[in-house]
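**Q** Sequence first, then the predicted structure:
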Amino acid sequence: MKYGLIPAFVLFLTAGSVKAQTAEAAHFAKPQSSKNISAQVGQKLAVCDTVYDFRVVNPTTTLLNLGGRYPQQNLTVTIKGDAVKVNPALMKGKPVCFYGEVTLFKNRPEMVVSAPEQIMDIKKYQ
């Protein structure tokens, strides 16, 4: 009886990680570049591009500029809140993928990230 519970427990543990991987794969299945992102305002999508520079506004708000340096960036990714812990210096110069809704802030495309699931491979940048 003991030995029958062990495989069931292992199966239970792996099912949760498979679900998480499936959700991430679904979000990041068809990522887009930030190049023509202004045409996608109002849509939820995955965007992958190089982080050119960043600005830490305060301990809970960081701005990442994708596709170019400020003020010529294609997209600003705003990381808000305590739930997302990243080191933006690890992202600088690297392609990173984000998932969320593209909005406008001061007539410039922006994506607000407030959950760890919105950053692909977040553990690389913590």
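**A** Arrived safely.
**Q** which residues of this structure fall in strands?
**A** 44-58, 61-66, 75-80, 95-105, 108-113 (DSSP state E).
**Q** Dump the ones you listed to a markdown table, plus mean pLDDT and distance to Met120.
**A** Glycine gets a C-beta too; all of them are placed from N, C-alpha and C. Formatted as a markdown table, the strands of the chain follow (pLDDT from 0 to 100; distance: least, C-beta to C-beta, whole Å):
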| stretch | mean pLDDT | distance to Met120 |
| --- | --- | --- |
| strand 44-58 | 97 | 8 |
| strand 61-66 | 98 | 13 |
| strand 75-80 | 98 | 12 |
| strand 95-105 | 97 | 4 |
| strand 108-113 | 98 | 11 |
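**Q** Quick one, which of those strands gets closest to Gln32.
**A** strand 44-58 (5.6 Å; C-beta to C-beta).
**Q** re the thing from before, now the strands of the chain as CSV including distance to Asn36 and mean neighbour count?
**A** Output for the strands of the chain, formatted as CSV (distance: least, C-beta to C-beta, whole Å; neighbours: other C-beta atoms under 10 Å):
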stretch, distance to Asn36, mean neighbour count
strand 44-58, 11, 16
strand 61-66, 13, 21
strand 75-80, 10, 22
strand 95-105, 11, 17
strand 108-113, 10, 20
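**Q** Out of those strands, which is closest to Ser38?
**A** Short answer: strand 108-113, nearest of the strands of the chain by C-beta to C-beta, at 5.1 Å.
**Q** Nothing else from me, thank you.
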